[in-house]
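S.K.: Everything below, folded, please.
(one chain, ligands or ions: 2)
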Amino acid sequence: MAKAVRPAPQCPLQAVRALTRAARERTRAFPNGAYRMADRFNTIAGWTLFSGIVALGLSSIAGHYFEAGKFEKPEHPGYTIAGVTEEGEGGGAAAAPFESFLAKADVAKGEASFKKCMSCHTIEQGGANGQGPNLYAILGDGIAQGRGGFAFSDSLKGVGGKWDWTSLNHWLENPSAMASGTKMSFAGLTDPQERANVMVYLNAKGSNLPLPAVPATPAAGAAAPAVALVGDAAKGQKSFAKCASCHTIAPGGPNGQGPNLAGIFGDKKGEGRGGFAFSDGLKAMGGTWDDASLDAWLTSPSTYVQGTKMSFAGLTDAQERANVIAYLKTAK
Ligand code: HEC
Ligand code: HEC
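M.R.: Numbers count the residues shown, from 1 in each chain. Ligands and ions are numbered 1, 2, ... in the order given. Predicted structure coming up:
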């Protein structure tokens, strides 16, 4: 689904100037400084707005540069711009892949957001159809099929296929964009993280599909090469010396300051590991360790998990991280 990148206002500087001008006029009207705070606020707001516009402008340029006439999402986005995440699939290389929102999605938050759906949908197994169909085990099920004979619109029936992470994401973003004559009169959830939260909540209700892998993305803000790094497990084993003061990796090895790491790739975050006492932050992450999440974790554990117990500054070299991850994969 190709979506245009939000256009930047005609002249960003004008917007900034207008805000600072308004502030200055107010200071003149109240020379005793009563409006000093508002003044400062406006200046800050102006510059914040300005940098936002610059970021959007950049993402727009990047979008054109990387898209050059084709609208598939590149498998490995060239780079990401921190804070610009909402441009949607195909909106440009600057958008974070939706998989990354799923990787950090929160079932409890999804349940809270599902209140927006409950006027029309039940979710428990055997729940009644209402204005919309019961949604138990919807992920993996056929689109507009079954559901106790619910009378779907022809429009949604015509879509075909199954509800998977991609189709459900598009549906929840904008139902009528996917099925123009849909009966679901719901504007959609514009926040990708909220959609991801709702989706993992739906998934937890009877579907339990594995989360999709996150395409490898460089650390936010870093201009990393567009080429995916191939890890060298042998070199990774050497780098693992940096981890060995806290971690064993042989199967059945003891926990130390950190948990044993045998078979960690693909395993759940912050769970099991012979009852290791994980931090609440890591326990709350959910999902499994894959390339992207391990890369983010090893770049800076305390950025990836607030309040983590792993006191390790991180590996700044992307190639070294790729090597260590390749090594972790071999440690079954
Ligand atoms: C105003 C009522 C209403 C709201 C609110 C609503 N839906 Fe729906 N939903 C419907 C209707 C009606 C359909 C059937 C659409 C059709 O047949 O075109 C539907 C269909 C669906 C389907 C497809 C079911 C299938 O078997 O193919 C999913 C998934 C879904 N809704 C999820 C949600 C989620 C998640 C939310 C909240 C974020 C939500 N809906 C909010 C009314 C609603
Ligand atoms: C100073 C000790 C220390 C060092 C050095 C260290 N770790 Fe850790 N590691 C920990 C602790 C403690 C935890 C548990 C973190 C938590 O609960 O927040 C952990 C957790 C992990 C986890 C998550 C395990 C799980 O079950 O979810 C991985 C993966 C990991 N470390 C990999 C590494 C790698 C790879 C290195 C070296 C590049 C490394 N660690 C270096 C202490 C360390």
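S.K.: and the closest residue in space to residue 324 that isn't next to it in sequence, what pLDDT?
M.R.: Nearest residue to residue 324 in three dimensions, chain neighbours excluded: residue 236, at 4.4 Å (CB to CB, 6 or more residues apart in numbering). No exception for glycine: its C-beta is placed from N, CA and C like everyone else's. On pLDDT, residue 236 comes in at 96.
S.K.: burial count for residue 236?
M.R.: Residues lying near residue 236 (other CB atoms under 10 Å) number 21.
S.K.: Past whichever strand or helix holds it, which element shows up next along the chain?
M.R.: Using DSSP states H and E, residue 236 sits within helix 233-239. Using DSSP H and E, the helix or strand that follows helix 233-239 in sequence is helix 280-283.
S.K.: List of residues touching that following helix?
M.R.: Applying CB atoms under 8 Å, 6 or more residues apart in numbering, the external contacts of helix 280-283 come out as 269-271, 305-309.
S.K.: same thing but 7 Å
M.R.: Applying CB atoms under 7 Å, 6 or more residues apart in numbering, the contact partners of helix 280-283 are 269-270, 305-308.
S.K.: which parts of it are buried?
M.R.: Neighbour counts over helix 280-283 (16 or more other CB atoms under 10 Å) mark 281-282 as buried.
S.K.: helices or strands up against the helix or strand just after it?
M.R.: Downstream of helix 280-283, the next assigned helix or strand under DSSP H and E is helix 291-299. With contacts defined as 3 or more CB pairs under 7 Å, 6 or more residues apart in numbering; DSSP states H and E, the packing partners of helix 291-299 are helix 98-103, helix 318-330.
S.K.: got a markdown table for those helices, with mean neighbour count, distance to ligand 1 and mean pLDDT too?
M.R.: As requested, those are exported to a markdown table (neighbours: other CB atoms under 10 Å; distance: least, CB to the nearest ligand atom, whole Å; pLDDT from 0 to 100):
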| stretch | mean neighbour count | distance to ligand 1 | mean pLDDT |
| --- | --- | --- | --- |
| helix 98-103 | 22 | 15 | 93 |
| helix 318-330 | 21 | 34 | 95 |
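S.K.: Can I get the ones you listed in TSV including distance to ligand 2?
M.R.: Formatted as TSV, these follow (distance: least, CB to the nearest ligand atom, whole Å):
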stretch	distance to ligand 2
helix 98-103	13
helix 318-330	5
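S.K.: which one of these lies closest to residue 275?
M.R.: Closest to residue 275 of the helices and strands packed on helix 291-299, according to CB to CB: helix 318-330, at 20.9 Å.
S.K.: returning to that earlier point: of the contacts of helix 280-283, buried ones?
M.R.: The buried subset of these (16+ other CB under 10 Å) comprises 269-270, 305, 308.
S.K.: Out of these, the closest to ligand 2 would be?
M.R.: residue 308 (3.5 Å; CB to the nearest ligand atom).
S.K.: who touches the closest one in this structure?
M.R.: Residue 308 sits in contact with 279, 281-282, 301-302, where contact means CB under 7 Å, 6+ apart.
S.K.: Need the per-residue pLDDT for it.
M.R.: 91.
S.K.: Let me know the secondary structure of it.
M.R.: coil (DSSP: H, G, I helix; E, B strand; the rest coil).
S.K.: quick one: which helix or strand includes whatever residue of the stretch 201-332 of the chain ends up closest to ligand 1?
M.R.: Using CB to the nearest ligand atom, the single residue of the stretch 201-332 of the chain nearest to ligand 1 is residue 202, 6.3 Å away. Using DSSP H and E, the element containing residue 202 is helix 192-204.
S.K.: So which bits of the protein are right by ligand 1?
M.R.: 116-117, 119-121, 131-133, 135, 138, 143-144, 147, 152-153, 155-156, 171-172, 179, 182-186, 189, 198 (CB under 6 Å from any ligand atom).
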